[in-house]
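**Q** Sequence and predicted structure below; questions after.
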Amino acid sequence: MDKQIVISLKTILFTLLIFLGIFVLYKLGPIIGIIFLATLVVICMEQPIKYFMRKILFNKKISRGIAVLISYLLLVLVLVAVITFIVPPLVVEVQKMLVSLPSIISGIKVPEEWQLSFTDIIPETSKISSGVVNATFSVFSNVATFVSILVISIYMSLDWENIKKGFISIFPKKTQDKVEETILEIEKNVGAWIRGQLLLMLIIGVGSLIGLAILGVKYAVGLGLLAGLFEAIPNVGPVLSAVVAGIIGFTDSPIKGLGVVALFIVIQQLENNLIVPKIMGKVSGFRPLVVLLILLVGASLFGIVGAICAIPVTMIASIILKKFLITEE
């Protein structure tokens with residue numbers, strides 16, 4: 001009888017501790033999100049840091065501290081250049097496109113029976129589009145969060161080797177080698193995926209911008225941004241950006257509309273057959289449907305941070321499962 005009571009008390013205490021842990025994690029959600037984003041930045045920056053560490057300066061190899069400072073200085077310079085020269089005209093361009101969106105949509109010839117419902121949709125489309133754009137730019141305007149992520153990332157990069165050693169030492173000695181291999185694989189795959197995805201988005205965005213500008217399509221800058229952002233969603237994203245750009249092109253003239261369709265077909269072919277194989281290399285990805293579901297789940301559970309972290313988290317979980325839970329034949 002007494003033994004049964006003791007077990008019951010342990011169960012209650014254990015359950016309370018679990019709920020307490022969940023509550024603490026919930027309250028510390030924003031901080032955990034910042035730390036996780038900083039960790040992703042560290043993983044992404046590890047390869048450039050190792051590259052500079054292999055270089056010789058004054059007849060000596062560059063130390064990790066100097067390599068970290070050089071890598072993050074280059075990152076900050078790129079971000080400053082983007083914020084200074086690209087963001088202001090981009091905001092103006094997107095605002096113009098959103099203001100003109102109802103007239104653009106109303107200018108599309110649709111069957112008469114669709115007129116009422118289509119007109120009702122126009123204001124809601126404008127609201128949704130405005131909300132998405134405002135949410136996107138609010139992330140970049142939150143200077144305090146950005147600075148926090150950057151500073152934490154720099155400190156973590158400076159002490160990254162010791163952090164890894166401390167983490168590995170937690171595990172039993174017989175599994176430490178496998179843990180170290182797993183961390184190295186995560187650094188390689190996740191870092192390569194993040195860098196490759198960002199470069200791919202940049203290339204598609206700039207390529208779309210140049211092509212649309214040559215065709216004389218309105219709001220080329222905003223549409224280029226849209227194409228770059230939607231590139232994060234395989235298969236579905238490029239189609240959506242092509243549809244939006246095509247609609248704007250056709251409202252101006254049929255020739256421009258056909259030109260926009262041809263442009264996005266060419267970009268898609270180049271992407272699938274040349275750009276993606278060269279940039280992404282042998283980095284294993286997920287199927288487009290899986291990626292879309294992961295993004296939806298991440299965004300619905302944790303908002304913008306969840307959408308940003310969803311794919312890397314899934315990649316990390318997949319690597320850990322393959323290393324520890326899936327037995328080799």
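**A** Alright, I've got the coordinates. Numbers count the residues shown, from 1 in each chain.

**Q** Show me where the stretch 51-200 of the chain dips below the pLDDT cut-off.
**A** For the stretch 51-200 of the chain, residues meeting the criterion pLDDT under 70 lie at 85-87, 89-91, 93-142.

**Q** Number of residues surrounding residue 56?
**A** Burial of residue 56 is recorded as 8 neighbouring residues (other C-beta atoms under 10 Å). Every residue, glycine included, has its C-beta placed from N, CA and C.

**Q** before we move on, what about residue 299?
**A** Residue 299: 15 neighbours (other C-beta under 10 Å).

**Q** Quick check: it touching residue 309?
**A** No. At 10.3 Å, residue 299 does not count as touching residue 309 under the criterion of C-beta atoms under 8 Å.

**Q** For residue 173, give me its contacts.
**A** Contacts for residue 173 (C-beta atoms under 8 Å, 6 or more residues apart in numbering) come out as none.

**Q** ok, it to residue 300 distance?
**A** 41 Å (C-beta to C-beta, to the nearest Å).

**Q** How about residue 150?
**A** Counting by C-beta to C-beta, the gap from residue 150 to residue 300 is 28 Å.

**Q** for residue 92, same thing?
**A** Where residue 300 is concerned, residue 92 sits at a distance of 32 Å (C-beta to C-beta).

**Q** immediately after the longest helix anywhere in the chain, which helix or strand?
**A** Determined from DSSP state H, the single longest helix within the chain is helix 173-215. Using DSSP states H and E, the helix or strand that follows helix 173-215 in sequence is helix 220-230.

**Q** Grab the CA positions of that next one and hand them over as PDB.
**A** Output in PDB follows, covering the C-alpha atoms of helix 220-230 (Å, rounded to 0.1, in the frame of the first residue of the first chain):
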ATOM      1  CA  ALA A 220       9.700  45.400 -61.500                       C
ATOM      2  CA  VAL A 221      11.500  45.900 -58.100                       C
ATOM      3  CA  GLY A 222       8.600  44.700 -56.000                       C
ATOM      4  CA  LEU A 223       7.900  41.700 -58.400                       C
ATOM      5  CA  GLY A 224      11.600  40.800 -58.200                       C
ATOM      6  CA  LEU A 225      11.500  40.800 -54.400                       C
ATOM      7  CA  LEU A 226       8.400  38.600 -54.600                       C
ATOM      8  CA  ALA A 227      10.100  36.100 -56.900                       C
ATOM      9  CA  GLY A 228      13.100  36.000 -54.600                       C
ATOM     10  CA  LEU A 229      11.000  35.400 -51.400                       C
ATOM     11  CA  PHE A 230       8.700  32.900 -53.100                       C
END
